[in-house]
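> Give the three-dimensional model of this entry:
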Amino acid sequence: MRASYLICYDISDDKRLRRVFKTMRNYGDHLQYSVFECQLTPTDLVRCRAELSALIHHDEDQVLFVNLGPAEGRGDRVITALGKAYTQIDSPCIVV
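Coordinates of the predicted model:
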């Protein structure tokens, strides 16, 4: 059974930030700078955590996993915003 997660990260080094971003593209939808929405099986979650753990510096960086519950039966995703309007990103993003 898949669960939906928000995975958010704060990486202090640009080189590691690019690596984390590239890794996260394999797991979910890029919503905002360092925020991804992912639908993961328990195995996918373990794999994602292991890959990220190998990339980050544990004393400088942070990755948050927010479990949003089961992916099935949740209804449509609704995202609202304050300030700048939220727009879905369909094109690939390039981090320089």
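> Please name every helix or strand in contact with the longest helix seen in the chain.
Determined from DSSP state H, the single longest helix within the chain is helix 42-55. Applying 3 or more CB pairs under 8 Å, 6 or more residues apart in numbering; DSSP states H and E, one finds that helix 42-55 makes contact with strand 3-10, helix 14-25, strand 35-40, strand 62-70. (C-beta placed from N, C-alpha, C; glycine too.)
> gap between the residue lying closest to residue 55 once chain neighbours are set aside and residue 9?
Once its chain neighbours are removed from consideration, residue 55 has its nearest residue in residue 19; the separation is 5.1 Å (CB to CB, 6 or more residues apart in numbering). With distances taken as CB to CB, to the nearest Å, residue 19 is found 11 Å from residue 9.
> the more surrounded of those two?
residue 9 (22 against 18; other CB atoms under 10 Å).
> Spit out the contact partners of that one.
The neighbourhood of residue 9, defined by CB atoms under 8 Å, 6 or more residues apart in numbering, consists of 20, 24, 34, 52, 56, 61, 62, 63, 64.
> ok, it to residue 23 distance?
10 Å.
> what pLDDT, on average, does stretch 2-18 get?
Averaged over stretch 2-18, pLDDT sits at 94.
> Alpha carbons only: can I get it in PDB?
Backbone C-alpha positions of stretch 2-18 (Å, rounded to 0.1, in the frame of the first residue of the first chain) are rendered in PDB as follows:
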ATOM      1  CA  ARG A   2       1.300   3.400  -1.000                       C
ATOM      2  CA  ALA A   3       1.300   6.400   1.300                       C
ATOM      3  CA  SER A   4       1.600  10.000   0.300                       C
ATOM      4  CA  TYR A   5       4.500  12.000   1.800                       C
ATOM      5  CA  LEU A   6       5.700  15.600   1.600                       C
ATOM      6  CA  ILE A   7       9.500  15.400   1.600                       C
ATOM      7  CA  CYS A   8      11.200  18.800   2.300                       C
ATOM      8  CA  TYR A   9      14.800  19.400   2.600                       C
ATOM      9  CA  ASP A  10      17.300  22.100   3.700                       C
ATOM     10  CA  ILE A  11      20.700  21.400   2.400                       C
ATOM     11  CA  SER A  12      23.600  23.800   3.300                       C
ATOM     12  CA  ASP A  13      25.900  23.000   0.300                       C
ATOM     13  CA  ASP A  14      25.000  23.700  -3.300                       C
ATOM     14  CA  LYS A  15      26.600  20.600  -4.600                       C
ATOM     15  CA  ARG A  16      24.800  18.300  -2.200                       C
ATOM     16  CA  LEU A  17      21.600  20.300  -2.900                       C
ATOM     17  CA  ARG A  18      21.800  19.400  -6.600                       C
END
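> Nice, that's everything, thank you.
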